[in-house]
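>>> Sequence and computational prediction follow.
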Amino acid sequence: MFIATLVAADRLSSDDLQEAQAALALAGCAPVDAAWLDEGQAADLFFNLDPAGARAALADAGQRVDVIVQPAAHRRKRLLVADMDSTMIEIECIDELADYAGIKPQVAEVTERAMRGELDFEAALDARVALLKGMEASVLDRCHAERVRIMAGARPLIRTMRANGARCVLVSGGFTHFADRVAAEIGFDRALSNVLELGDGRLTGTVSRPIVGAQTKRETLLAEAAALGLSAQETMAVGDGANDVPMIEVAGLGVAYHGKEKVRAAADACVVHGDLSVLLYAQGYKCAEWAD
């Protein structure tokens, strides 16, 4: 049995569900039933055959509707590994630090290219951090206070999963100064990220080794799953950039969250319209079950 979860950024109607079921039938997916998770907002469609065909059939399920297709088994994940920048928070921290130095456009361009997979992540990180050499360390606190905003849906996603026994790990190619605070604020079990090196109260323009990058994210997911005795099907990974692809590919449900093209191509599911609460609906949690 498979489930297609439809989540509207605006509103779903009963007619939308009927049309979606008809599309599944036409695609030969053998639809069985439909049920609301939260009426007008999110619903499940149950079917027996061809999940890839179902994804294609429901690609145009409605304007501003996200569709998550997955096996019914292990729907509620027991491990989540998540990216931070532009996933759990609304910004790219390094771009905002660069803004304080008056060089945001040139740094943001490199960030964008790295996230699209056009540049080597570690080399691009070194090059951008080098441009911040000499910045007062106090700017890190200022940036956190003035610029960091938690992504909509992040708190209920992490807190609901943890309340139901899941482990949640934040693995970021960004910096500990932000990641540790964000992880604590949202409620993650653990955070891994890069360390900006300091000297005499200023950034040295270097990052401690080893760098937390794409392979660290993948290895962390596999190691955490092994430590918990979980199968891949019981895990989920979510991110937006090319350095998230390796963990997305090995997770039971790999999700591109407002992701770059390379990430969307690798993912099992894409969140394009909604916020992170889509991933609660994808696991079958009704709004009344969400933790604050």
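That came in fine, so what should we check first?
>>> Now the most centrally placed residue in the chain: phi and psi?
In the chain, the residue lying closest to the centroid (Cα atoms, centre = their mean) is Val238, at 2.8 Å. Dihedral pair for Val238: phi -140, psi 140, per degrees, to the nearest 10.
>>> Surely it and Tyr257 touch.
Yes - counting by Cβ atoms under 8 Å, Val238 does reach Tyr257; the two are 5.2 Å apart. No exception for glycine: its C-beta is placed from N, CA and C like everyone else's.
>>> what is in contact with these two at once?
Applying Cβ atoms under 8 Å, 6 or more residues apart in numbering, one finds that Val238 and Tyr257 are jointly contacted by Asp83, Thr87, Leu276.
>>> what's near enough to touch the nearest residue to Glu261 once chain neighbours are set aside?
Leaving aside its sequence neighbours, Glu261 sits nearest to Arg116 (Cβ to Cβ, 6 or more residues apart in numbering; 7.1 Å). Residues in contact with Arg116, defined by Cβ under 8 Å, 6+ apart, are Gly241, Ala242, Lys260, Glu261, Lys262.
>>> Met151 now?
Thr87, Met88, Ile89, Glu90, Asp275, Leu276.
>>> Now compare these and name the two farthest from each other.
Pairwise distances across these (Cβ to Cβ) peak at 12.4 Å, for the pair Ile89 and Asp275.
>>> When those two are compared, which one has more neighbours?
Legend: neighbour count by other Cβ atoms under 10 Å for Ile89 and Asp275, higher for Ile89 (24 against 18).
>>> If I follow the layout properly, that one ends up in contact with Arg155?
No - under the criterion of Cβ under 8 Å, Ile89 makes no contact with Arg155, lying 11.6 Å away.
>>> Overlap of the contact sets of these two?
Joint contacts of Ile89 and Arg155 (Cβ under 8 Å, 6+ apart) do not exist.
>>> Against Leu228, how distant is Arg78?
Going from Arg78 to Leu228 by Cβ to Cβ, to the nearest Å gives 7 Å.
>>> Convert the C-alpha atoms of the longest helix anywhere in the chain to PDB, please.
Longest helix in the chain by number of residues (criterion: DSSP state H): helix 214-228. Listed next in PDB are the C-alpha coordinates belonging to helix 214-228 (Å, rounded to 0.1, in the frame of the first residue of the first chain):
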ATOM      1  CA  ALA A 214      28.000  16.700   1.900                       C
ATOM      2  CA  GLN A 215      29.700  13.500   3.000                       C
ATOM      3  CA  THR A 216      29.400  14.400   6.700                       C
ATOM      4  CA  LYS A 217      25.700  14.800   6.300                       C
ATOM      5  CA  ARG A 218      25.400  11.400   4.600                       C
ATOM      6  CA  GLU A 219      27.600   9.700   7.100                       C
ATOM      7  CA  THR A 220      25.700  11.200  10.000                       C
ATOM      8  CA  LEU A 221      22.400   9.900   8.800                       C
ATOM      9  CA  LEU A 222      23.800   6.400   8.300                       C
ATOM     10  CA  ALA A 223      25.600   6.400  11.700                       C
ATOM     11  CA  GLU A 224      22.600   7.700  13.600                       C
ATOM     12  CA  ALA A 225      20.300   5.100  11.900                       C
ATOM     13  CA  ALA A 226      22.800   2.300  12.700                       C
ATOM     14  CA  ALA A 227      23.100   3.400  16.400                       C
ATOM     15  CA  LEU A 228      19.300   3.400  16.700                       C
END
